[in-house]
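Asker: Could you work out the structure for the sequence below:
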Amino acid sequence: LVRERQVEATRDLGADAELADACAGDAGRLCAGLVGPAVPACLRAAPPGKLSWECREQVFRVEVEAAGDLSLSGRVFAACLGAKKAFCADVPPGNGRAIACLEAAAQRKAQHAEHAATPFPPACKAELDALAAKRATDFRLDPALRTACAADADALCGWELDEVADRGPPDPVLDAGDAPVIACLQDFREELKEPACQAAVHSTIARGAADIRADPPFAAACSADRARLCGSVPPGSAAVIRCLSQSRAALSPACGAMLFDTEVRMAESLDFQAPLRAACGGEAVCRDVPRTKGAAIRCLQDELLAGGTRLSPGCKAAVAGHTAAAAVDYRLNFRLQAACEKDVTKHCAAACVDAAGHALPADAPCGGAVLRCLTGHIGDLDEAGGCAAEVGYFLKMGVADYHNDVLVAEACRPDVEAHCAAMPAQGVHACLDAHAGELGAACRAELAERAAARATSLDLVPGLASACAAERDAHCAGVRSGKGRVLACLIGAAD
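Answerer: Numbers count the residues shown, from 1 in each chain. A predicted model of the protein is given here:
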């Protein structure tokens, strides 16, 4: 009976007495000449600042009630009815189920657009994107998150829940970029107890990674920068975030800091890397690897190191691009950051400085300086905690493609252009070694920084690992990499 009344209220303002009483004046002022379902739709579409407080409060109540039910979301229902029948016919209404199904279908169709027999309706996709952006502004507008995270929110975010309850409907100016309960759940996602809440929070971060409008703090901090630098980029795609990243040097301090914080947070999961997920989400390889803790990203990088023959060309290029971009700062490599936190504090606390030697802010990229420091201390790094292995993996990726070592790539760019321009990326290190006497001072210095570290592992010497693969399997199969152990074993076997 309640739901029938709610459905009727989407067609007739008078069917909801509280809404009709509170909004009678607003409807006459803003929706003159409209009748039937156009009046409730007009009030919901009106900028909140144009509505009286009483009307705003009732309109927000209706939005909260409608958030979990497709049939109560007038514009979305009209645009997505065909898609609901085509892709989610068996999904019952309520609790956001149909909307979640449609969002998942839209994502699948986007990943496999060239093979899709039935394309996803653009009008429905646009309405779903707008709904997701609205949902991201207030915990109360996300029924799936609200239901799944009730217990965790009470335990971890009580102050934020009280703040939201006290302030009533969100203010479009005062509350812009402020979604305290959602931000709290994301900040404490490692402490969430309920699996359903973990999955729901994971989804909120993934949505923000694909569309900046679904990450209100990020969107608010970078609003002016987006208009100034990325105005020609269509909203509603990860291309906006990519544009901001490519324009990093021109960003305002607030936007630059928020961008970097977001990039660090997104490093944890393939689901948060929109271009990589779009290019590799349909690959058979790594499909069953967990998406969190950097596991799926590492699986794809392992495939790339092995030659990438099981990856599609688009995925292979995306993995290479992601790996090179992550080399800009150790914090963009989730596994390395997690494993090396103590070693960074112990050995490299003063490594992140500007050209004048002044310490950089914590939310500024380091440009590879900490990675260089860790490389220089590779013999002293924690093996039990995995830091030595992660730094070794970083060096291996740098040997496989010199772009993955940002400091070598920058210092040796003129030398690569002069001596190794025709070489594939994986052959550049060997080429530079062959031209050692002709290299510039900056390049020689960076390569010397790497030389000691490369000597600690067979895998870091270009060509030697493949040349000695059979001997290693025969004589040193049980010997761990690092600290020169495999090289010492092979030398001993040769003697």
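Asker: C-terminal to the lowest-mean-pLDDT helix or strand in the chain, what's the next element?
Answerer: Counting by mean pLDDT, DSSP states H and E, the chain has its least confident helix or strand at helix 2-9, which shows a mean of 65. Toward the C-terminus, helix 2-9 is succeeded by helix 17-30 as the next helix or strand (DSSP states H and E).
Asker: Counting neighbours, which bits of that next one end up buried?
Answerer: 19-20, 22-23, 26-27, 30 (16 or more other C-beta atoms under 10 Å). Where you see a C-beta, it was placed from the backbone N, CA and C, and this is true even at glycine.
Asker: quick one: H377 from P290, how far?
Answerer: 30 Å (C-beta to C-beta, to the nearest Å).
Asker: quick one, which of these two is more surrounded?
Answerer: Ranked by neighbour count (other C-beta atoms under 10 Å), H377 and P290 place H377 first, with 18 against 12.
Asker: how about the strands of the protein, start to end?
Answerer: In order along the chain, the chain carries no strands (DSSP state E).
Asker: C420 against H435, yeah?
Answerer: Yes: with contacts counted by C-beta atoms under 8 Å, C420 reaches H435, the gap being 7.5 Å.
Asker: Those two: which has the busier surroundings?
Answerer: Between C420 and H435, C420 has the larger neighbour count (other C-beta under 10 Å), namely 20 against 14.
Asker: Let me know the pLDDT of G158.
Answerer: Looking at G158, its pLDDT is 91.
Asker: Report the separation between it and A250.
Answerer: G158 is 41 Å from A250, where distance means C-beta to C-beta.
Asker: quick one on the thing from earlier: nearest to G282 among the buried residues of helix 17-30?
Answerer: Nearest to G282, judged by C-beta to C-beta, of these is L19 at 44.9 Å.
Asker: residues touching the residue nearest to that closest one when sequence neighbours are not counted, list them.
Answerer: Of all residues beyond its chain neighbours, the one nearest L19 is Q58 (4.6 Å), with distances taken as C-beta to C-beta, 6 or more residues apart in numbering. Contact analysis of Q58 by C-beta atoms under 8 Å, 6 or more residues apart in numbering lists 16, 18-19, 22-23.
Asker: Can you tell me the closest non-neighbouring residue to R444?
Answerer: Nearest to R444 is A436, by C-beta to C-beta, 6+ apart, at 7.4 Å.
Asker: so how many other residues sit close to the one you found?
Answerer: So A436, with other C-beta under 10 Å, has 11 neighbours.
Asker: Next, count neighbours for the nearest residue to C352 once chain neighbours are set aside.
Answerer: Nearest non-adjacent residue to C352, counting by C-beta to C-beta, 6+ apart: C366, 4.2 Å away. C366 has 20 neighbouring residues, counting by other C-beta under 10 Å.
Asker: Report the separation between C366 and D354.
Answerer: In terms of C-beta to C-beta, C366 sits 10 Å off from D354.
Asker: overlap in contacts of those two?
Answerer: Residues touching both C366 and D354 comprise L360, with contact defined as C-beta under 8 Å, 6+ apart.
Asker: In this model F188 seems to touch L156, though I could be wrong.
Answerer: Yes: L156 is in contact with F188 according to C-beta under 8 Å; the separation is 4.7 Å.
Asker: and the two? which has more neighbours close in?
Answerer: More crowded of L156 and F188, by other C-beta under 10 Å: L156, with 21 against 15.
Asker: what's the more buried one in contact with, if anything?
Answerer: Going by C-beta under 8 Å, 6+ apart, L156 touches 184-185, 188, 191-192.
Asker: Okay, now the unreliable bits of the protein?
Answerer: Scanning the chain for pLDDT under 70 picks out 1-7, 9-10, 111-117, 171-178, 236, 452-466, 481-484, 495.
Asker: isn't C55 right next to D21, touching?
Answerer: No: counting by C-beta under 8 Å, C55 stays clear of D21, with 9.5 Å between them.
Asker: Run through the helices of the stretch 51-200 of the chain in chain order.
Answerer: Taking DSSP state H, counting those that start in this stretch as the criterion, the stretch 51-200 of the chain carries its helices at 53-66, 74-87, 97-111, 122-135, 143-148, 150-156, 158-167, 180-187, 195-210.
Asker: what's the answer for the stretch 301-450 of the chain, then?
Answerer: For the stretch 301-450 of the chain, the helices identified by DSSP H, counting those that start in this stretch occupy 313-326, 334-347, 369-376, 387-400, 406-411, 413-419, 428-434, 441-454, in order along the chain.
Asker: Who are the contact partners of the spatially most central residue of the chain?
Answerer: With distances taken as C-alpha atoms, centre = their mean, F272 lies nearest the centre of the chain, 2.8 Å away. Applying C-beta under 8 Å, 6+ apart to F272 gives the contacts 205-206, 209, 265-266.
Asker: on that earlier part again, adding distance to A445, write the helices of the stretch 51-200 of the chain out as a markdown table.
Answerer: A markdown table is the format used below for these (distance: least, C-beta to C-beta, whole Å):
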| stretch | distance to A445 |
| --- | --- |
| helix 53-66 | 60 |
| helix 74-87 | 57 |
| helix 97-111 | 44 |
| helix 122-135 | 48 |
| helix 143-148 | 51 |
| helix 150-156 | 48 |
| helix 158-167 | 50 |
| helix 180-187 | 40 |
| helix 195-210 | 37 |
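Asker: right, and those helices - which one's nearest L487?
Answerer: Nearest to L487 among the helices of the stretch 51-200 of the chain is helix 195-210; the distance by C-beta to C-beta comes to 41.4 Å.
Asker: Show me which residues of the closest one are buried.
Answerer: Burial within helix 195-210, assessed by neighbour count using 16+ other C-beta under 10 Å, is assigned to 197-198, 200-210.
Asker: just the angle between that helix and helix 97-111, please?
Answerer: Here helix 195-210 runs at an angle of 40 degrees relative to helix 97-111 (axes from the mean of the first three to the mean of the last three C-alpha atoms, to 10 degrees).
Asker: Run through who's touching helix 195-210.
Answerer: The set of residues external to helix 195-210 that reach it, using C-beta under 8 Å, 6+ apart, is 132, 136, 142, 144-145, 148-149, 151-152, 182, 185-186, 189, 192, 214-215, 218, 237-238, 241, 262, 265-266, 269, 271-274, 292.
Asker: returning to what we had before: can I get the buried ones among the contacts of L156 as something I can paste into PyMOL?
Answerer: To isolate the buried ones among the contacts of L156 in PyMOL, judged by 16+ other C-beta under 10 Å, type:
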select buried, resi 184+185+192
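Asker: Could you save the contacts of L156 as TSV and add columns showing distance to E410?
Answerer: Compiled in TSV, those are given as follows (distance: C-beta to C-beta, whole Å):
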residue	distance to E410
C184	39
L185	39
F188	38
E191	39
L192	40
